[in-house]
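Chemist: Could you work out the structure for the sequence below:
(one chain, ligands or ions: 3)
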Amino acid sequence: MNKGQIIKALSGFYYIKTAEGTIYQTRARGIFRKKKITPLVGDYVEFSYGTEQEGSLEKILQRKNELDRPSVSNIDLGIIVMSISHPVFSTSLLDRFLVSVEYKNIQPLIYVTKTDIASENEYGQVKAICEDYKKIGYTVILPEQGKIMASDAIKNSLQPYVEGKTVVFIGQSGAGKSTLLNKIDPNLNIKTGGTSKSLGRGKHTTRHVELIPVMGSLVADTPGFSAIQFDDITEQELSECFPEIWEKGRDCRFSSCIHQNEPDCAVKKAVEDGTITQYRYKNYSSLLEEIQNRKPRYGKKGEK
Ligand SMILES: Nc1nc2c(ncn2[C@@H]2O[C@H](COP(=O)(O)OP(=O)(O)O)[C@@H](O)[C@H]2O)c(=O)[nH]1
Ligand SMILES: [Mg+2]
Ligand SMILES: [Zn+2]
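Modeler: Ligands and ions are numbered 1, 2, ... in the order given. As a prediction, this is how the structure comes out:
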């Protein structure tokens, strides 16, 4: 049986890319429809291919994760694009992105844009924040101040992280996702500064996703992944998405501590002595409150 990854789904066909880079056009076996299983772009699959024009998608391998809007699976890396200004850098937004990525078991990478137009002051502030995130263990790429990044320099900085991965770019509209992708591969020719929803292929207005080979990786051709997908995240899971809070939480008196009002909370102590930054704890707390206000079905407020 041949193995590969679905890189495009269109008009009932699934296009499968093998490790060698060959692309096969297949149809899904009838059994999938019967079982109400829809193959997703990103799926690793087994397929057969004979002398006929098209192959047959036989089996979907276990998914590592699955996103809606865009519908895509098996994302390894989420490049979170954050601009220093226009729109202004916000740790609360960054933490939302990080949580949504961590929750889906996607490795995050923070990429800062618009360093060329940043004032010394703006740059200094964001740099200090980036140091905090690096200390937590995140990978942060912060280009130099006042310089427009050349394509090669951008590629060199990203290459080791994206190689062989399935990648999505995440970020607020206007953060510079499309601009960054164009610099990485000018052939993509993506519309920037606009409200276009798909990578430069304006005529395809349908919402299909496609994985595009870029720098030895496959990138989802949707810069639209800005929705925060943690509709079903629990209070406990939230703290797992803040690595330093999760780590400190081991020393809390209660193992179920969500670091809100519990006594002898090691996380709150760490915030007081500065080991955990105030803003990370604040961002955590407001997400926690959102979760508590959203879904009473996870138990009454404060219930342990
Ligand atoms: N000066 C400067 N402008 C940028 C940079 N990145 C993006 N822009 C501009 O910011 C606007 C939004 O960029 P775009 O790539 O469309 O953002 P997207 O919505 O995240 O895809 C465009 O006018 C870009 O030219 C950057 O690094 N420096
Ligand atoms: Mg864009
Ligand atoms: Zn605690």
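Chemist: Which of the helices or strands spans K127?
Modeler: Assigned by DSSP states H and E, K127 falls within helix 120-136.
Chemist: and that helix, what does it pack onto?
Modeler: Counting by 3 or more C-beta pairs under 8 Å, 6 or more residues apart in numbering; DSSP states H and E, the packing neighbours recorded for helix 120-136 are strand 107-113, strand 139-141. The C-beta positions use only the backbone N, C-alpha and C, and glycine is treated the same way.
Chemist: how about it: buried residues?
Modeler: Neighbour-count burial for helix 120-136, with 16 or more other C-beta atoms under 10 Å as criterion, is recorded at E122, Y123, V126, K127, I129, C130, D132, Y133, I136.
Chemist: just to revisit the earlier point, so which of the helices and strands packed on helix 120-136 is nearest ligand 2?
Modeler: Within those, the stretch nearest ligand 2 is strand 107-113; the backing value is 11.6 Å (C-beta to the ion).
Chemist: The closest one vs ligand 1: in contact?
Modeler: Yes: applying C-beta under 6 Å from any ligand atom, one finds strand 107-113 in contact with ligand 1 at T113.
Chemist: Now do the helices in the stretch 1-150 of the chain.
Modeler: 30-34, 91-103, 120-136 (DSSP state H, counting those that start in this stretch).
Chemist: Dump those into a markdown table; add distance to P70 and mean pLDDT as well.
Modeler: Listed next are the helices of the stretch 1-150 of the chain as a markdown table, based on distance: least, C-beta to C-beta, whole Å; pLDDT from 0 to 100:
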| stretch | distance to P70 | mean pLDDT |
| --- | --- | --- |
| helix 30-34 | 20 | 91 |
| helix 91-103 | 13 | 94 |
| helix 120-136 | 26 | 98 |
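Chemist: any chance of the ones you listed in a markdown table, plus distance to ligand 2?
Modeler: Converted to a markdown table, the helices of the stretch 1-150 of the chain look like this (distance: least, C-beta to the ion, whole Å):
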| stretch | distance to ligand 2 |
| --- | --- |
| helix 30-34 | 33 |
| helix 91-103 | 15 |
| helix 120-136 | 21 |
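Chemist: Low-confidence stretches in the chain?
Modeler: For the chain, residues meeting the criterion pLDDT under 70 lie at 194-207, 222-230, 295-304.
Chemist: what residues go with each domain of it?
Modeler: Structurally, the chain divides into domains by automatic domain parsing as follows: 2-62, 72-220, 235-298.
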